[in-house]
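Visitor: please work out how this folds:
(2 chains)
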Amino acid sequence: MRRVDSEAITLQRQGELGLWVSLLGQEAAQIGSGRALRDRDMAFPSYREHGVAWCRGIQPKELLSMFRGASNGGWDPHEHGFHLYTIVIGSQALHATGYAMGVQRDGAVGEDGTAVISYFGDGATSQGDTNEAFNFASVNNAPVVFFCQNNQWAISEPLERQSRVPIYRRAAGFGFPGVRVDGNDVLACLAVTRAALDNARTGNGPTLVEAFTYRMGAHTTNDDPTRYRDKAELDEWKAKDPILRVRRYLEANGLADEAFFTAVDEESDRVGETVRTQCRSMPDPEPLDIFHEVYAEPNVHIDQQRAEFADYLSSFEGAGAEGGR
Amino acid sequence: MGTNLTIGKAINAGLRAAMEHDPKVLMMGEDVGRLGGVFRVTDGLYKDFGADRVIDTPLAESGIVGTAIGMAMRGYRPVVEIQFDGFFFPAANQTFTQLAKMRRRSAGKLAMPVVMRIPYGGGIGAVEHHSESPEAYFQHTAGLRVVTVANPEDAYWMIQQAIRSDDPVIFLEPKRRYYEKTEVDTEASIHEVTPLGSARVARPGTDCTLLAYGPMVKTALQAAEADTDHSIEVIDVRSLSPVDYPTITASVKRTGRLVVAHEATLTGGPGAEIAARVTEECFYHLESPVIRVAAFDTPYPQSRLEEHYLPDLDRVLDGVDRAFAY
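Guide: As a prediction, this is how the structure comes out:
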């Protein structure tokens, strides 16, 4: 996923993507929590959850197509148990809670129950929707886990501009457990998320997990973090790089040899190559796609505008490269 | 076969019929459970369908609409009550950025069969934020259907049609008309009653078309009766998104005049859009410009002034006179 991330940044610089939102530094929080999910579970991501998407079987090209502007996210949320990316901060926490309330009504809470997880960042904890979601989930004892990746920065605003208390402690006021986990430790994230999901699926209600991590890159490819944060802070967190840490762990415990790491590197190269090729060859949608799926039912306004626009477009046929009238 | 029902009781009966028809239909909102809603529109449903299907929510409108979206993703058909028009606004983000766009964002993979019931309009002597007509915001938002009812028959059937729609429907209830009572044919088939998106000629006429919807339909009918000099055709628009233009333009092409009356403010109101469209489609048939009779471009006033603010019988007739002045 880190390779997909770096390829995507390069593709954005080359003009192939309109924007990219780097997950650099948050891989352990995302892969650890993503691997804790069962197939039937449902995840509601924000827009940086490329690692969770990977765990849910979403191909990187689907993510790229959204940031290229070729789709709004082309995957089927039901098929993957992974909702579309949500851009308006915090909105998806309520969708997750409502979905979990539906799970309750389906009688799908219990030993083999279904759990729901909502992802968001430290900035989102200031949003009303996030706090309303905490409250709705609590009073309904809904089977949902709130997974906050506290990456320390909401674009340029540090955590102290969002909260006077550690984020995990917010949960106490809403009446459910809050736990902080080392977000750069993939195994810790796996274990804590799995426990929280099991609590939810068996009917013990919501948990807030604060994965304490760091956004090592810019907020997006449009951002310049050198304007607001010190290099020393970044260097300190680079030393805690989650991928370096898991590599050291595997090496120190004799769980992987050099051949394994070589194989991983080769796989990364292949994935990178695939991502580049897929992105560059991605076709633009057809102009009349604008009118698709606005409504489930036939809509006279949309139908008329589509027909008029199709006529307008066809009036240019044969006009040559100059176009115009 | 008919039953005498008020608009409020007709919606209640329609909700009950929808819940009996489909176990996925849920009620959500503030005080919709034990109390039956502040206007009693969900009266008795909590008792008969239980707390799992008639959900008293925390007092947070964004939370209500946001969780309804999640419920819809899980296969439910939530009917959300926003207690009063002016309390919709905390839910504006969830409605405009999420609910309305979800189908298109997901390329059709996610349906949003959510109905948002909103008692709207003035005339009940209420305090601030209890008398507003926010329909233009909804009409302006792609992905939403917007309907409103003016009589018990439509109230009974349109709420059921809205619930069966796979699109999000804003269902506007004319609160000052909740207690209007007429006979409702509850034995008809939902497939045979007037479709949800259609306008209805409420009173035929030949000289001028008078458009109204929701609480203003009654006022428009009274105005048409009062004007003994002209034969006024009254059309109940019923659906503000989409608008049934064929019914409207057919009428205007016959009468040559159009007056649109609504409680929403004038500028950028539904009447403005209808006027533009009718001017395009009926230009050579019009004997006068399209006349709008609407609320003033001010915040809703204190209730002791609302009789001056709301378009009433005389202001509608004044609008008709202006149309005939050409």
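
Visitor: output the below-cut-off pLDDT ranges for the stretch 201-325 of chain A.
Guide: Within the stretch 201-325 of chain A, the stretches falling below the threshold (pLDDT under 70) are A:319-325.

Visitor: that one: helices as residue ranges?
Guide: Across the stretch 201-325 of chain A, reading from the start of the chain, the helices by DSSP state H, counting those that start in this stretch fall at A:231-238, A:242-252, A:258-280, A:300-314.

Visitor: nearest to chain B, of these?
Guide: When the helices of the stretch 201-325 of chain A are compared for distance to chain B using Cβ to the nearest Cβ, the nearest one is helix A:300-314, at 4.9 Å. For every residue, glycine as well, the C-beta is placed using N, CA and C.

Visitor: wondering if the closest one reaches chain B at all.
Guide: Yes - applying Cβ under 8 Å from any Cβ of the partner chain, one finds helix A:300-314 in contact with chain B at A:300, A:301.

Visitor: quick check: which of the helices of the stretch 201-325 of chain A is buried the most?
Guide: Among the helices of the stretch 201-325 of chain A, the stretch with the highest mean neighbour count (mean count of other Cβ atoms under 10 Å in any protein chain shown) is helix A:242-252, at a mean of 15.

Visitor: what's the angle from that helix to helix A:258-280?
Guide: Interaxial angle of helix A:242-252 relative to helix A:258-280 (axes from the mean of the first three to the mean of the last three Cα atoms, to 10 degrees): 150 degrees.

Visitor: is chain B within reach of stretch A:45-56?
Guide: No - for stretch A:45-56 and chain B, the contact criterion (Cβ under 8 Å from any Cβ) is not met; the two come no nearer than 12.4 Å.

Visitor: now the end-to-end length of that stretch.
Guide: Terminal residues of stretch A:45-56 lie 11 Å apart, using Cα to Cα, to the nearest Å.

Visitor: thinking again about what came up before, out of the helices of the stretch 201-325 of chain A, which comes closest to residue A:48?
Guide: Relative to residue A:48, the nearest member of the helices of the stretch 201-325 of chain A by Cβ to Cβ is helix A:242-252, separated by 14.5 Å.

Visitor: packing partners of that closest one?
Guide: helix A:27-35, helix A:186-201 (3 or more Cβ pairs under 8 Å, 6 or more residues apart in numbering or on different chains; DSSP states H and E).

Visitor: nearest to chain B, out of the ones you listed?
Guide: Each of these was scored for nearness to chain B using Cβ to the nearest Cβ, and the closest is helix A:186-201 (14.3 Å).

Visitor: show me what the closest one is packed against.
Guide: Counting contacts by 3+ Cβ pairs under 8 Å, 6+ apart, helix A:186-201 packs against helix A:27-35, strand A:116-121, strand A:144-150, strand A:178-182, strand A:207-212, helix A:242-252.

Visitor: and of these, who's closest to residue B:191?
Guide: Checked against Cβ to Cβ, the stretch from the helices and strands packed on helix A:186-201 lying closest is strand A:116-121, at 36.6 Å.

Visitor: list the pairing partners of the closest one within its sheet, with orientation.
Guide: As defined by DSSP bridges, the strand partners of strand A:116-121 come to strand A:42-44 (parallel), strand A:144-150 (parallel).

Visitor: with mean neighbour count and mean pLDDT as extra columns, can I get these in CSV?
Guide: Rendered in CSV, the data for the strands paired with strand A:116-121 read as follows (neighbours: other Cβ atoms under 10 Å in any protein chain shown; pLDDT from 0 to 100):
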stretch, mean neighbour count, mean pLDDT
strand A:42-44, 29, 98
strand A:144-150, 31, 98
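
Visitor: Throw those into TSV and include distance to residue B:146, thanks.
Guide: Below are these laid out as TSV (distance: least, Cβ to Cβ, whole Å):
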stretch	distance to residue B:146
strand A:42-44	28
strand A:144-150	32
